[in-house]
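**Q** Predicted structure and sequence below. I'll ask about it afterward.
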Amino acid sequence: MKKYPAVIGATLAGLAGVLTFHTKGTSGSLSASLGTTQTGSAATKQTRGSQPSTTPSTSIASKAGGSTSQAQSSQAQSSPAQSSQATVAPPTTANSGPRSAVGAAAQYGYGVISVRVTVSGNKITDISVANLQTAESYSQQLANQVIPMLRNEILKAQSLHVYGISGATYTSDAYAQSVQSALTKLHFA
Amino acid sequence: MTVRSAGEVRFSHDEEVMGTVVSFRILSYRCADQVLLEALGEVCAFLHYVDDTFSTWKPASPISRLRRNEVAISDVPAEIPTVLTLCEEARSISGGWFDPWAMPGGVDPTGLVKGWAIEQSAGLLSDAGVDAAILNGGGDIAVIGAPEGSSYWPVGIQHPWRSDALACSLAVEAAVATSGSYERGLHLLDPRNALPSRQVASATVTGPSLAICDALATALAVGGDAVWERIVGLAGVEAYMIRPDGTEVASDGIIVVG
């Protein structure tokens, strides 16, 4: 119908929305308090009869906090084998010049992905796949189709138009997570 | 990087659970930080508990045992009968197009339980003092309040064939769920014959309850035009669908936002 082309024109991948969301810093009123409250993390308590082994690995990631440990722990706790270290290079003192980091490996329903994000100044200049593992070839094929599109969207979209995506893909979520953790490691806000 | 509405997200968390990621974006809350953290912890523990209870992929889960008739309904956690009651309601109002009892392998509330869990989570956070937040579990979205200066949340609807595009953006005041066979192939079964359905490319339902929206989105994805009038006739429920030929239909109350 008539709105179709217009709407597609207004395209903004979810991902990009989700991403820019995270990377926006706040005034920092929360960051101080977070440093102290985060330790006992939120989610070690269990309200119901779930097994101890299912204790959720929650690390509250506040953008305001901006500490590297947030991004690392959020993935590392849930999948130690897949965690990746921040490889921030080259170290810079100023918020300029290209810098890159590999995001934590993020699991999705059908595989694991981690990405390398390069930023320059206040702009994401590139995103590449550092590692991609899928259970079956169909998922691999799917991921190979989806990932370049996600990359383009992130590079293209520098502003937030939606708060979330309904029907967003599993791949997109994992990709966004890994990108986000790379950005956090870069203190990119 | 710029955000259209500056500095809005005060708190962000992503929890991997139920085969997907549930993201929490909290814009405002009136409780102490510690209270918020504890509430989030409880919510995440709840989501894992729901996963353990309702996963049909886990052979030892209560729902799996119920499906194998190893336990009676009176011996499973109370959440199961609660969810099954909602399933009955959804089956009824969808005219049978959502039918967890028609699935192979015994009763399967999977099409409603994720929405239910996220809806419950939003309720818990609201009770704890969260005033404005959006919870997104793999596309099932429940919101609390609204962004400052707005009465709704703009939510993008994934384009069924283009991963790099949104089909549209809708105004959401409570909950929205989208169902379709575009990413994972034909996983939706027609309750009439338990065969894969390809009636609709993408089916979106908004309404007051995410549990019901989730089930109705599944019903719409399976029933398409045959169930459209019934769904959009429900009080407080709006729908949007994209047919396999690319044509779209939106109910009168759907507000498409730019």
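**A** Yep, it's here.

**Q** B:L216: what's it in contact with?
**A** B:A90, B:I93, B:S94, B:F98, B:A177, B:V205, B:G207, B:I231, B:L234, B:V237, B:A239 (Cβ atoms under 8 Å, 6 or more residues apart in numbering or on different chains). All C-beta atoms are positioned from the backbone trio N, CA, C, and that covers glycine.

**Q** So how do I select the buried members of those residues in ChimeraX?
**A** Applied in ChimeraX, the following selects the buried portion of the contacts of B:L216 according to 16 or more other Cβ atoms under 10 Å in any protein chain shown:
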select /B:90,93,94,98,177,205,207,231,237,239
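
**Q** Would you mind giving the contacts of B:L216 as JSON lines with distance to B:E42 and secondary structure added?
**A** Listed next are the contacts of B:L216 as JSON lines, based on distance: Cβ to Cβ, whole Å; DSSP: H, G, I helix; E, B strand; the rest coil:
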{"residue": "B:A90", "distance to B:E42": "27", "secondary structure": "helix"}
{"residue": "B:I93", "distance to B:E42": "31", "secondary structure": "helix"}
{"residue": "B:S94", "distance to B:E42": "32", "secondary structure": "coil"}
{"residue": "B:F98", "distance to B:E42": "29", "secondary structure": "coil"}
{"residue": "B:A177", "distance to B:E42": "24", "secondary structure": "strand"}
{"residue": "B:V205", "distance to B:E42": "28", "secondary structure": "strand"}
{"residue": "B:G207", "distance to B:E42": "26", "secondary structure": "strand"}
{"residue": "B:I231", "distance to B:E42": "33", "secondary structure": "helix"}
{"residue": "B:L234", "distance to B:E42": "32", "secondary structure": "coil"}
{"residue": "B:V237", "distance to B:E42": "30", "secondary structure": "coil"}
{"residue": "B:A239", "distance to B:E42": "33", "secondary structure": "strand"}
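
**Q** out of the contacts of B:L216, which touch chain A?
**A** Counting by Cβ under 8 Å from any Cβ of the partner chain, B:A177 from those sit close to chain A.

**Q** just curious, which of the contacts of B:L216 is nearest to chain A?
**A** For the contacts of B:L216, the minimum distance to chain A (Cβ to the nearest Cβ) is 6.5 Å, reached by B:A177.

**Q** my read: that closest one touches B:L210, true?
**A** Yes - under the criterion of Cβ atoms under 8 Å, B:A177 makes contact with B:L210 at 6.4 Å.

**Q** who touches both of those two?
**A** B:G115, B:D140, B:I141.

**Q** Now intersect the residues you listed with the strands, please.
**A** Among the shared contacts of B:A177 and B:L210, the members found in strands (DSSP state E) are B:D140, B:I141.

**Q** Now do the strands in chain B.
**A** Using DSSP E, strands in chain B cover B:11-17, B:20-29, B:130-137, B:140-144, B:153-158, B:166-172, B:175-179, B:189-190, B:195-196, B:202-207, B:238-242, B:248-250.

**Q** Of all these, which one comes closest to B:D214?
**A** Closest approach to B:D214 among the strands of chain B (Cβ to Cβ): strand B:175-179, 4.3 Å.

**Q** For that closest one, give the mean pLDDT please.
**A** Mean pLDDT, computed over strand B:175-179, is 94.

**Q** Return the distance of that strand from the chain's centre.
**A** 5 Å (Cα atoms, centre = their mean, to the nearest Å).

**Q** Could you do stretch B:102-118 as well?
**A** 11 Å.

**Q** Do any residues in that stretch lie close to chain A?
**A** No - residues of stretch B:102-118 are not located near chain A by Cβ under 8 Å from any Cβ, the shortest gap being 11.1 Å.

**Q** one step back: for the strands of chain B, which one sits closest to B:R67?
**A** Short answer: strand B:189-190, nearest of these by Cβ to Cβ, at 15.5 Å.

**Q** show me the residues around B:A250 that make contact.
**A** Neighbour list for B:A250: A:M1, B:E238, B:A239, B:Y240, B:V256 [criterion: Cβ under 8 Å, 6+ apart].

**Q** residues contacting B:S94?
**A** In this structure, B:S94 makes contact with B:A215, B:L216, B:A219, B:G223, B:V227, B:R230, B:I231, judged by Cβ under 8 Å, 6+ apart.

**Q** where's it relative to B:A203, distance?
**A** According to Cβ to Cβ, to the nearest Å, B:S94 and B:A203 sit 12 Å apart.

**Q** Kindly report the same for B:R243.
**A** To B:A203, B:R243 is 10 Å away according to Cβ to Cβ.

**Q** shared neighbours, those two?
**A** What both B:R243 and B:A203 touch, as defined by Cβ under 8 Å, 6+ apart, is the set B:G224.

**Q** ok, these two, which is more surrounded?
**A** B:A203 (31 against 16; other Cβ atoms under 10 Å in any protein chain shown).
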